[in-house]
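*Asks:* My questions are about this predicted structure, shown below with the sequence.
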Amino acid sequence: MKKLVIFFTLAGLLGMVWAQAPRDTYVKQTLAGGPVSMDPARAYDSASGEILENIYETLYTYDGESIDTFKPALATSYSVSADGKTYTFTLRDGVKFHSGNMMSCKDVEWSFEYGLTAAHPEGAVMYLMGDQFLGRHDIDGSDPETYLNTFTYDMIANAVTCPAGTEGMTVQLNLVNPKPALIAILAYTAFSVMDSDYAKANGMWDGSAATWADWVGRDITQEFLHNHPSGTGAYKLVEWTDQATVLAAFDDYWGGSPALKNAVFQYVEEQSSRILALQQGDADHVILNDRASLVQLRGAPGVSILEDPNWSTTSVTSVFFNFNIDTSNNEDVGSGELGSGIPADFFADVNIRRGFSQLFDQQAFIDQLFEGQGLMLTVGMPSSFLGYDPNLPIRTLDLEAAERYFRAAFDGAVWEKGFEFTALYNGSNETRKTALEIIAENLEFLNPKFKMNVRSLPWPDYLARTGERKAPMFALGWGADYADPENFINTFYDDNGFYAARTSISVPEIQALIDQADAIADPVARAFIYKEIGGLHYEYAPIIAVPQSTPFMTVRSDLQGVYRNPMLSSTFFIKDISKAN
């Protein structure tokens, strides 16, 4: 096998090459498919998140490994009004952006209001805080006309205000509806504080009512901040390509210059190449597709496999069904008719969904990918979250049940005519690929007239195709934005949830319970409702929740200060680690 050689350019250096990762540089190799955007108002994926977490900062952030304990970052303290609708933050003095500009209230104000103005349908701002700032989240930039007819500039401008003036160090968030989990939500990268003077000087929204409408629904991936970030974080962007993202330490960082001067995130398709890079010291940290691959690293000199029984998982991978497929010019649905394809409403039939769910051999999946170290999920949310019920039934491989459901689907036409379509996954993601392939193999075994092809797409193409509702069935994951069940239940199952744009999901019985849970704050009552939703997940099979692996990390043994916070896309902040001498 050809040895992996790493090339990248840092400020002032050209064509640096090494046999091993330098002592002052952190090198991480992960799956192919890098960031979607460097603009926090657009980025809503883990590949972007692990970069933004180190470039930008939020008002409060996670405290070490804790997923529900927060510490001051760009704010030093806050207070909350008696009605829970007004949060007043005191900002940290002396904080510089990478541009050299000093941070003040105007930057927080502009950052949040820019996110609400762009209202990008693939971003997180409206989805996570639209209800609180504007009274609804289900209207966004995908329909600018409706957005402009529903919201006003004054509503946007009143969301965030500067009581001591724009250059002051006090910022006020004015909510329409209270949100007990606000601090947890604000720790997410979508609410990063951006450099407003830098943004405006380079053609971004000027913050005025006169230009506000021009930015609603705008494709901000074509704008300056998409690839020219200026944050307050410990690292600044040097280079971003499809192959790698390079960061350099920010010497004027308010928390002190970090120990490691450079960070390189490489996007490597072949897992064998990532494993070799870790073995040879070309990478300090690599992501593996599956636990079974650990056999290649156990006992390797200079390699540590980190595991802890107390580590929790706050991400869930699922197989999604598209209830209303866009079949126009769609190669993945065949003819669009049973027999040689599938119709648009194929997965709207509950018996189809139940049948597919009974063809996913969950234990075989755990054994094949996780060396038997995994957990089957009773519903699509982390098992550590409020309202998760481990005692609910789980659909897994049952050929007799699957046949019964398929025979009942479409009044018997499915079993008689058969079908053919293509299910999708991204890049080289073995977890998602394996889940789909297990179903496909059992499907064809059940009835030779049943054909499900499985293909991969590059990450940006994959997101675009699923976003256009072209994907009939696809495997995708969700990492928690904040540690609350609504972040998964609403995201996966709600008619207006984040995935609804990809799946057109419609299960009225589940929706009614979601609406109930959204209207109450009492955790005991909420937990009861989420357990009921778990029961309906089994009954209506709207998605297939893929088992979770017991968490682990694979790093070089000389990497110090490593910890695991599953709420962070990067697992840990690079500023917190170093290398042994």
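*Replies:* Here it is on my side, so go on.
*Asks:* any idea whether the spatially closest residue to Asp68 that is not a sequence neighbour is helix, strand or coil?
*Replies:* Take Asp68 and drop its neighbours on the chain: the residue closest to it by Cβ to Cβ, 6 or more residues apart in numbering is Ala483, 5.1 Å away. Using the backbone N, CA and C atoms, a C-beta is placed for each residue, glycine as well. Three-state assignment for Ala483 (DSSP: H, G, I helix; E, B strand; the rest coil): coil.
*Asks:* Can we start the residue count at 210 from this point?
*Replies:* All right, first residue 210 from here; so that's Ala692.
*Asks:* Look up how far Leu395 lies from Ala692.
*Replies:* According to Cβ to Cβ, to the nearest Å, Ala692 and Leu395 sit 13 Å apart.
*Asks:* ok, those two, which is more surrounded?
*Replies:* Neighbours were counted for Ala692 and for Leu395 using other Cβ atoms under 10 Å; Leu395 has more, 26 against 20.
*Asks:* Give me the phi and psi for that one.
*Replies:* Dihedral pair for Leu395: phi -70, psi -10, per degrees, to the nearest 10.
*Asks:* show me the contacts for it.
*Replies:* 267-269 (Cβ atoms under 8 Å, 6 or more residues apart in numbering).
*Asks:* Also Thr526?
*Replies:* 640-641, 644, 684-686, 755.
*Asks:* Then it would be within a strand, right?
*Replies:* Yes - counting by three-state DSSP, one finds Thr526 located in a strand.
*Asks:* re earlier: measure the residue nearest to Asp277 to Gly258 for me?
*Replies:* From Ala692 to Gly258 the distance is 16 Å (Cβ to Cβ).
*Asks:* got it, and Pro281?
*Replies:* Counting by Cβ to Cβ, the gap from Pro281 to Gly258 is 21 Å.
*Asks:* of the two, who's got more company?
*Replies:* Taking neighbours as other Cβ under 10 Å, Pro281 and Gly258 compare with Gly258 leading, 23 against 16.
*Asks:* After the helix or strand hosting that one, which helix or strand is next?
*Replies:* Here Gly258, judged by DSSP states H and E, is contained in helix 255-264. Using DSSP H and E, the helix or strand that follows helix 255-264 in sequence is strand 269-271.
*Asks:* How many residues are close by Asn498?
*Replies:* Neighbour number of Asn498 under other Cβ under 10 Å is 17.
*Asks:* Surely it forms part of a strand?
*Replies:* No - counting by three-state DSSP, Asn498 is not found in a strand; it is coil.
*Asks:* Next, work out how far apart the residue nearest to Ser320 when sequence neighbours are not counted and Phe433 are.
*Replies:* The shortest distance from Ser320 to any non-neighbouring residue, by Cβ to Cβ, 6+ apart, is to Met403 (4.4 Å). As judged by Cβ to Cβ, Met403 and Phe433 stand 11 Å apart.
*Asks:* More neighbours: the two, which one.
*Replies:* Met403 (25 against 17).
*Asks:* can you pull the contacts of the closest residue to Asp352 other than its chain neighbours?
*Replies:* In space, and not counting its chain neighbours, Asp352 is closest to Gly426: 7.4 Å by Cβ to Cβ, 6+ apart. Going by Cβ under 8 Å, 6+ apart, Gly426 touches 327-329, 349-353, 356.
*Asks:* quick one on the thing from earlier: counting contacts, what elements does the helix holding Gly258 pack onto?
*Replies:* If contacts are counted by 3 or more Cβ pairs under 8 Å, 6 or more residues apart in numbering; DSSP states H and E, helix 255-264 sits against strand 444-449, strand 453-458, strand 471-476.
*Asks:* could you give the angle of the last one to helix 255-264?
*Replies:* Following axes from the mean of the first three to the mean of the last three Cα atoms, to 10 degrees, one obtains 180 degrees for the angle between strand 471-476 and helix 255-264.
*Asks:* remind me which residues of this structure are low pLDDT?
*Replies:* When residues are selected by pLDDT under 70, those of the chain lie in 210-228.
*Asks:* which residue lies farthest from the center of it?
*Replies:* Here the chain reaches farthest from its C-alpha mean at Glu625, the gap being 40.0 Å by Cα atoms, centre = their mean.
*Asks:* Ile738 and Ala726 touch, don't they?
*Replies:* Yes - shown here, Ile738 and Ala726 form a contact pair, counting by Cβ atoms under 8 Å, at 4.4 Å.
*Asks:* Nearest to Leu487 among the contacts of Leu395?
*Replies:* Thr267 (30.9 Å; Cβ to Cβ).
*Asks:* Around the closest one, how many other residues sit close by?
*Replies:* There are 27 residues near Thr267, going by other Cβ under 10 Å.
*Asks:* what's the answer for Glu516, then?
*Replies:* Count around Glu516 with other Cβ under 10 Å applied: 14.
*Asks:* who's in contact with it?
*Replies:* 759-762.
*Asks:* Strands along the stretch 560-709 of the chain, start to end?
*Replies:* Taking DSSP state E, counting those that start in this stretch, the strands of the stretch 560-709 of the chain run over residues 583-584, 628-635, 659-666, 682-688.
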